[in-house]
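Peer 1: Give the three-dimensional model of this entry:
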Amino acid sequence: MAKIKKTITTPKDRVFEFSISDDSIQLLLPLAILIASILIVAAIIYSTEKVKASIENMSPCMMSEQTPKSSLVSDDVEKDDPNDSIDIEDSEYETFNTFNYDPDATILTEDGKISVALISTSSCPHCLWIKETFDNWAKENSDKYTIHHWEWSYNDDGSSTLLDTITGTVLDDLPTNYTTLYSTYSGGYVPTFIFGGKYFRVGNAFESNSDVSKEEALQKEIEEYISVLEKIESEM
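Peer 2: Numbers count the residues shown, from 1 in each chain. Predicted structure coming up:
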């Protein structure tokens, strides 16, 4: 039986010898190939899941079909795959930072203050990501602006509940003006932000930004709200 002989010399000039037979090599080689194959497959699966998670973080949620019809996009508007991005480049809207706006729209106010709204659902992960931060900011600025966070929740019996998480008010449906605005701006997606009835954004702007921490991303969201409101105020 042929053997491979190997001599190892340590720093202290101690010599060790060991040998590996051809039979051992024949047994070890398939095992090494199998282990390498498993590692390659695992790396591919891991990379695929990371890409999938990244895409999911960037996409807003599709509003559930359980939502009352008056709060959905009208029947003649096609609803895209919820994993698709919202493409408004070919629309009549213009952009300001991460928001879009209708240059012909009239600024919406309530009680003499700029009206602000977030429309979401309790089951949407992107809505939950921003919920606490938005609600805290809203309560801190309730003296400056009229701010709503209308959140749909779906019950086991198939019914739905609409709650304004800022005021604690339960509604049967969105106010008529916001039903129209949501249908016009959202494409049926949440979270949808509507500032002054004119500026809007579908989805969070910084949620999927891996270059900053979650706390920094949430702070950037707040800074964006302030920037948009300052622009609205300059137009009034």
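
Peer 1: Tell me how many other residues surround Glu223.
Peer 2: 12 (other C-beta atoms under 10 Å). C-beta coordinates here come from the backbone N, C-alpha and C atoms, glycine included.

Peer 1: For the helix or strand hosting it, what does the pLDDT average out to?
Peer 2: Element membership of Glu223, judged by DSSP states H and E, is helix 214-235. Mean per-residue pLDDT for helix 214-235: 96.

Peer 1: Tell me the helices and strands packed up against that helix.
Peer 2: strand 113-121, helix 125-140, strand 192-195, strand 199-202 (3 or more C-beta pairs under 8 Å, 6 or more residues apart in numbering; DSSP states H and E).

Peer 1: export those to JSON lines and tack on distance to Ile232, mean neighbour count and mean pLDDT?
Peer 2: Below are the helices and strands packed on helix 214-235 laid out as JSON lines (distance: least, C-beta to C-beta, whole Å; neighbours: other C-beta atoms under 10 Å; pLDDT from 0 to 100):
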{"stretch": "strand 113-121", "distance to Ile232": "6", "mean neighbour count": "23", "mean pLDDT": "97"}
{"stretch": "helix 125-140", "distance to Ile232": "16", "mean neighbour count": "17", "mean pLDDT": "96"}
{"stretch": "strand 192-195", "distance to Ile232": "6", "mean neighbour count": "26", "mean pLDDT": "97"}
{"stretch": "strand 199-202", "distance to Ile232": "7", "mean neighbour count": "25", "mean pLDDT": "96"}
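
Peer 1: quick one: which of the ones you listed is nearest Ile166?
Peer 2: helix 125-140 (5.0 Å; C-beta to C-beta).

Peer 1: Go through the helices and strands packed on helix 214-235 and name the closest to Leu29.
Peer 2: That would be helix 125-140 among the helices and strands packed on helix 214-235, by C-beta to C-beta, at 46.8 Å.

Peer 1: who does that closest one touch, helix- and strand-wise?
Peer 2: Checking 3+ C-beta pairs under 8 Å, 6+ apart, helix 125-140 ends up next to strand 61-62, strand 113-121, strand 146-154, helix 214-235.

Peer 1: which ones are touching the closest residue to Asp111 other than its chain neighbours?
Peer 2: Leaving aside its sequence neighbours, Asp111 sits nearest to Thr146 (C-beta to C-beta, 6 or more residues apart in numbering; 5.8 Å). Residues in contact with Thr146 (C-beta atoms under 8 Å, 6 or more residues apart in numbering) are 109-111, 113-116.
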